[in-house]
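**Student:** requesting a structural model of the entry that follows:
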Amino acid sequence: QLAVAQGFGGPQGPEKAAWLAGALQDFFAQNAELQEEEVEEFLAEVMDNEFDTAVEDGSLQQVSRELVTLFARASRGDAGGVGEALGALARRGPALRAALAAAHPAPAPHPPAGGEEEEEEEEESSKEEE
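**Tutor:** Here you go, the predicted structure:
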């Protein structure tokens, strides 16, 4: 979510995130008894290839642990345990939104109003950036 919110995946970031959900499901379905490290490596590769980012804050390890646990519970038919775990993740939503908000860079201050020439230069550079 952070990578998509920050535009790391480019304009197709949301589509890549949706693809990742399906790819993870396939990865678990095609590989019996995955270990946390294997899931972490898979996620790291996807983040590097699809979102052009290296995740070095330990979050992939945490996400991998949660995914392996959820998949094991679901495989055993433990709907209650899966529901509890998903509820706990949902309760962490406000903290995630706060982290996303904190990660957004502050807008650059506007330069002091100058002459007409400076305004034209700013307009031209804005058009070039678009």
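
**Student:** now do the buried residues in the helix or strand containing residue 45.
**Tutor:** For residue 45, the enclosing helix or strand under DSSP states H and E is helix 36-51. Neighbour counts over helix 36-51 (16 or more other C-beta atoms under 10 Å) mark 36, 39-40, 42-44, 46-47, 50-51 as buried. Heads up, the C-betas are built off the backbone N, CA and C, glycines and all.

**Student:** touching, residue 69 and residue 84? I think so.
**Tutor:** No - assessed by C-beta atoms under 8 Å, residue 69 is found out of contact with residue 84, at 11.0 Å.

**Student:** who's in contact with the helix holding residue 45?
**Tutor:** 3-4, 8-9, 13, 16, 19-20, 23-24, 27, 31, 53-55, 60-61, 63-65, 67-68 (C-beta atoms under 8 Å, 6 or more residues apart in numbering).

**Student:** just the ones of the residues you listed in helices?
**Tutor:** Judged by DSSP state H, helices contain the following of the contacts of helix 36-51: 3-4, 13, 16, 19-20, 23-24, 27, 60-61, 63-65, 67-68.

**Student:** drop anything exposed from the residues you listed.
**Tutor:** Buried among the ones in helices among the contacts of helix 36-51 (16+ other C-beta under 10 Å): 3-4, 13, 16, 20, 24, 27, 60-61, 63-64, 67-68.

**Student:** distance-wise, check the closest residue to residue 14 other than its chain neighbours relative to residue 51.
**Tutor:** Nearest non-adjacent residue to residue 14, counting by C-beta to C-beta, 6 or more residues apart in numbering: residue 4, 5.8 Å away. Computed as C-beta to C-beta, to the nearest Å, the residue 4 to residue 51 distance reads 8 Å.

**Student:** what do those two both touch?
**Tutor:** Joint contacts of residue 4 and residue 51 (C-beta under 8 Å, 6+ apart) are 13, 16.

**Student:** now residue 23: how far from residue 14?
**Tutor:** 15 Å.
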